[in-house]
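A.B. asks: sequence first, predicted coordinates after that:
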Amino acid sequence: MAFRKALGSKNNIDVLAGFIEDMLGVRPLDVTIENPYSIKDYAAVVDGVEWLDYLETIKDISANITIPGMPATLKIKRATKALPDINAVSPNAIIADTLSEMQVKSQRFFEERSIYYPVDKYTQNYNLPGKMELDKEGKPIKYSSLIPVYSINVLGFKLYGDEDALRVFELYDAKRNKAPNKAFFKFAYFEYTKPNFETANQRHWRDFFLDRDISPKAPAYIKKAAETVSYANLSREEKRLISYAERAEQDYLCQIAFIIDEAEKKTQEKMRKENEENMREAEEKMRETEEKMRETEEKMRETEEKVRETEEKMRETEEKMRETEEKVRKEDRDTFLKAIQTLGEDNKRSFTIDEICALMNQKLEMDHQQ
């Protein structure tokens, strides 16, 4: 309401003209407001509008301006249809509707919307009765009613990633850095919460939008804007609406807090259930793993028992083999000695110890070769 009253009142045309100059760099020669600010219209709208829509977007001012050397439409856009537009007509310029917007809260697709409204307004001026030039035959030239559209978006949030408060986009040839013969569009974005300003006046406007004290060095029209919306200068109805707005904002914030609390509770409950389910699944998997481990250990014990039994059998087998070898060696020895004894009797002689050892070695080598 303050933005609308400061720039849209009948007695504040100089404020609107100064605002346009500070944002776009051109001083309008003439501005006429068609549907100026009215507290009655505003009250009728605010009393019936959802506070959420009002809080997120304050759409306010439209005006026709005459720029030196070029008639143009200024579009200071509105985002909702809750408030009537303020239209301004210059008797010496092409008539065109313009819109203004002060966007307090960040909103999805705002940049797309901020382009749509000026372009849509531009097309609405096509084939506009009473605004077209005539050809030699007296027929209207439909495209002749098209006029430039400028938009100024006052933003209480950061739309772009740098720290520059004001940026103005225009049509131009990016390769050659050249603009059309006529400035058909200007899209201005004033992000007043950023620190870098091009002029001192833009800083004063920053203070105005942030409801700060206005510097004595500020131009008269900005001081006038601040005085216009000073609480002491507001009517009883305006104060009522401000009080309503403050209560509505608190109600809105309480609703948001309640929604957040409920969402957190639901999230916590969901997480608790998910954690319990995950715990149950984990415990079940642990039990299954432990059971498999017990089965594996049992199999290992059985395997170890079989290994022990096998080793025992191997020891028994080795013992039998040793006994068998010993028995064979004993039998071989006895047989050999008997053979020597028989050989001695046949030859009627006895063998010395050395001869017996030599014969035994020969026997072993023959057995080894066999």
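C.D. replies: That came in fine, so what should we check first? Numbers count the residues shown, from 1 in each chain.

A.B. asks: all strands of the stretch 51-200 of the chain, in order?
C.D. replies: 57-59, 62-67, 70-75, 101-103, 149-155, 166-170, 185-191 (DSSP state E, counting those that start in this stretch).

A.B. asks: export the fifth one as CSV, just CAs?
C.D. replies: Spelled out, it's strand 149-155. Presented in CSV, the C-alpha positions along strand 149-155 are these (Å, rounded to 0.1, in the frame of the first residue of the first chain):
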residue,chain,number,x,y,z
VAL,A,149,7.1,-1.0,-23.3
TYR,A,150,9.4,-0.5,-20.3
SER,A,151,9.1,-2.5,-17.1
ILE,A,152,10.6,-1.8,-13.7
ASN,A,153,10.6,-4.6,-11.2
VAL,A,154,11.3,-3.6,-7.6
LEU,A,155,12.5,-6.8,-5.8
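
A.B. asks: in the protein, where's the longest helix?
C.D. replies: The residue-count maximum for a helix in the chain (DSSP state H) belongs to helix 236-347.

A.B. asks: check the offset of that one from the chain's centre.
C.D. replies: 43 Å (CA atoms, centre = their mean, to the nearest Å).

A.B. asks: who does it touch, helix- and strand-wise?
C.D. replies: helix 39-46, helix 51-56, helix 353-369 (3 or more CB pairs under 8 Å, 6 or more residues apart in numbering; DSSP states H and E). C-beta: built from backbone N, CA, C; applies to glycine.

A.B. asks: how many other residues sit next to residue 27?
C.D. replies: 13 (other CB atoms under 10 Å).

A.B. asks: surely it meets residue 21?
C.D. replies: Yes: the criterion here is CB atoms under 8 Å, and residue 27 meets it with residue 21 at 4.5 Å.

A.B. asks: re earlier: can you tell me which of the helices and strands packed on helix 236-347 has the worst average pLDDT?
C.D. replies: When the helices and strands packed on helix 236-347 are ranked by mean pLDDT, helix 51-56 comes last with a mean of 46.

A.B. asks: state the distance from residue 145 to residue 206.
C.D. replies: Distance of residue 145 to residue 206, computed by CB to CB, to the nearest Å: 37 Å.

A.B. asks: residue 140: neighbour count?
C.D. replies: 16.

A.B. asks: and if you look at the one 3 residues further on?
C.D. replies: By other CB under 10 Å, 11 other residues sit near residue 143.

A.B. asks: now do the contacts for it.
C.D. replies: residue 126 (CB atoms under 8 Å, 6 or more residues apart in numbering).

A.B. asks: start at 52 instead
C.D. replies: Got it, the first residue is 52 from now on, which makes the last one we talked about residue 194.

A.B. asks: per-residue pLDDT, it?
C.D. replies: pLDDT, read off for residue 194, is 94.

A.B. asks: against residue 224, how distant is it?
C.D. replies: 21 Å.

A.B. asks: what of residue 384?
C.D. replies: Counting by CB to CB, the gap from residue 384 to residue 224 is 120 Å.

A.B. asks: higher neighbour count, those two?
C.D. replies: residue 384 (12 against 9).

A.B. asks: still on that earlier bit, and the longest helix of the chain, what's its mean pLDDT?
C.D. replies: Mean pLDDT, computed over helix 287-398, is 81.

A.B. asks: kindly report the same for stretch 200-218.
C.D. replies: Per-residue scores along stretch 200-218 average to 93.

A.B. asks: ok, now which ones touch residue 253?
C.D. replies: For residue 253, the contact set (CB under 8 Å, 6+ apart) comprises 73, 74, 216, 217, 241.

A.B. asks: what is the neighbour count of the last one?
C.D. replies: Same thing as residue 241. Residue 241, neighbours per other CB under 10 Å, totals 22.

A.B. asks: correct me if wrong: it contacts residue 202.
C.D. replies: No: with contact defined as CB under 8 Å, residue 241 does not count as touching residue 202 (11.0 Å).

A.B. asks: ok, and what's touching stretch 211-229?
C.D. replies: In contact with stretch 211-229 (CB under 8 Å, 6+ apart) are residues 74-76, 230-231, 234-243, 245-249, 253, 257.

A.B. asks: go again with 6 Å.
C.D. replies: Residues outside stretch 211-229 that contact it (CB atoms under 6 Å, 6 or more residues apart in numbering): 230-231, 236-242, 245-249.

A.B. asks: in a markdown table, list the residues you listed along with pLDDT and distance to residue 416.
C.D. replies: Formatted as a markdown table, those follow (pLDDT from 0 to 100; distance: CB to CB, whole Å):
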| residue | pLDDT | distance to residue 416 |
| --- | --- | --- |
| 230 | 89 | 117 |
| 231 | 88 | 119 |
| 236 | 89 | 118 |
| 237 | 89 | 119 |
| 238 | 92 | 115 |
| 239 | 93 | 118 |
| 240 | 95 | 112 |
| 241 | 96 | 117 |
| 242 | 96 | 111 |
| 245 | 96 | 110 |
| 246 | 96 | 110 |
| 247 | 97 | 110 |
| 248 | 97 | 116 |
| 249 | 96 | 117 |
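
A.B. asks: of these, buried ones?
C.D. replies: 236, 237, 238, 239, 240, 241, 242, 245, 248 (16 or more other CB atoms under 10 Å).

A.B. asks: thanks a lot, catch you later.
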